[in-house]
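Novice: Generate a structure from the sequence data that follows.
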Amino acid sequence: MTSIWLASRPLLLASKSQARRSLLAAAGIPFEAMTASIDERVAEAPLREAGAGGDVIARHLAREKAVAVSREFPDRLVLGADQTLSLEGVILNKPRDRQGAKAQLTAMSGRMHTLHAALCLAQDGKVVAQRDEDARLTFRPLSPDVIECYLDLAGESVLQSVGAYAVEGLGIHLFESIEGAHSTILGLPMLPLLHLLREIGCVAT
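Specialist: Below you'll find the predicted structure:
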């Protein structure tokens with residue numbers, strides 16, 4: 001076997017996430033990245049108003065991204081993905097500034113939250129397959145001084161992730177326990193994705 005990828009063209013990733021790009025690259029999946037031209041906050045607003053959970057919103061946004069890009073690039077297999085964070089029923093977004101990051105870290109201190117990671121494969125504007133997985137993460141109790149120190153050390157990176165942390169970096173110091181696949185925590189459940197790609201004949205079995 002000279003390549004695990006059997007499709008004639010690379011996978012088209014509808015995401016600007018560096019973490020998702022790194023996961024695909026590490027797994028040997030050839031891909032091209034294209035940002036979906038949708039406003040996520042607008043797309044999710046009706047669901048939030050209806051009281052939808054984070055899992056429902058993540059699935060919806062992953063589907064919207066995949067379908068939108070697949071309409072722009074006919075015949076291409078497109079991967080859309082999204083992730084939400086739920087803290088006891090409250091859905092958090094990426095913090096806008098340091099104060100927002102501090103507020104999120106303070107709220108999560110000593111508590112468990114859930115990351116909902118969803119993926120969708122689409123082609124020619126139609127959904128081919130969808131999957132999602134959850135991870136449960138518990139912060140250790142954090143003093144105000146610890147939070148301030150973390151924010152100083154992490155810098156602007158805290159604004160790049162919901163929850164103001166990245167487990168693959170300094171954020172790992174915030175946790176007491178983590179339950180779930182690493183790739184799910186990074187926003188792209190790789191084992192479900194690889195299973196789907198094998199099923200449709202894009203990845204060698």
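
Novice: mind saving the C-alpha coords of the helix or strand where Ala58 lies as PDB?
Specialist: Assignment of secondary structure by DSSP states H and E places Ala58 within helix 54-72. Coordinates of the C-alpha atoms in helix 54-72 are reproduced here as PDB (Å, rounded to 0.1, in the frame of the first residue of the first chain):
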ATOM      1  CA  GLY A  54     -24.700  22.400  22.600                       C
ATOM      2  CA  ASP A  55     -24.700  19.100  20.800                       C
ATOM      3  CA  VAL A  56     -27.500  20.200  18.500                       C
ATOM      4  CA  ILE A  57     -25.800  23.500  17.700                       C
ATOM      5  CA  ALA A  58     -22.500  21.800  17.000                       C
ATOM      6  CA  ARG A  59     -24.200  19.300  14.600                       C
ATOM      7  CA  HIS A  60     -26.100  22.200  12.900                       C
ATOM      8  CA  LEU A  61     -23.000  24.300  12.400                       C
ATOM      9  CA  ALA A  62     -20.900  21.400  11.100                       C
ATOM     10  CA  ARG A  63     -23.600  20.600   8.600                       C
ATOM     11  CA  GLU A  64     -24.000  24.300   7.500                       C
ATOM     12  CA  LYS A  65     -20.300  24.600   6.900                       C
ATOM     13  CA  ALA A  66     -20.000  21.400   4.900                       C
ATOM     14  CA  VAL A  67     -23.000  22.000   2.800                       C
ATOM     15  CA  ALA A  68     -22.100  25.600   2.000                       C
ATOM     16  CA  VAL A  69     -18.600  24.800   0.800                       C
ATOM     17  CA  SER A  70     -19.800  21.700  -1.100                       C
ATOM     18  CA  ARG A  71     -22.100  23.900  -3.100                       C
ATOM     19  CA  GLU A  72     -19.200  26.100  -4.100                       C
END
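
Novice: Show me which parts of stretch 87-103 are buried, residue by residue.
Specialist: Leu87, Ile91, Leu92, Pro95, Arg98, Gly100, Ala101, Lys102 (16 or more other C-beta atoms under 10 Å). C-beta here means a position set from N, CA and C on the backbone, and glycine is covered the same way.

Novice: returning to what we had before: just how off-centre is the helix holding Ala58 within its chain?
Specialist: 12 Å (C-alpha atoms, centre = their mean, to the nearest Å).

Novice: Counting by contacts, list what that helix packs against.
Specialist: Counting by 3 or more C-beta pairs under 8 Å, 6 or more residues apart in numbering; DSSP states H and E, the packing neighbours recorded for helix 54-72 are strand 11-14, helix 40-49, strand 78-87, strand 112-123, strand 126-139.

Novice: Give me the mean pLDDT for stretch 194-205.
Specialist: Mean per-residue pLDDT for stretch 194-205: 96.

Novice: for it, how far is the first residue from the last?
Specialist: With C-alpha to C-alpha, to the nearest Å applied, stretch 194-205 spans 10 Å between its terminal residues.

Novice: Okay, buried residues for that stretch please.
Specialist: For stretch 194-205, by 16+ other C-beta under 10 Å, it's Leu194, Leu196, Leu197, Cys202, Val203.

Novice: Closest one to Phe175 out of these, please.
Specialist: Leu194 (26.4 Å; C-beta to C-beta).
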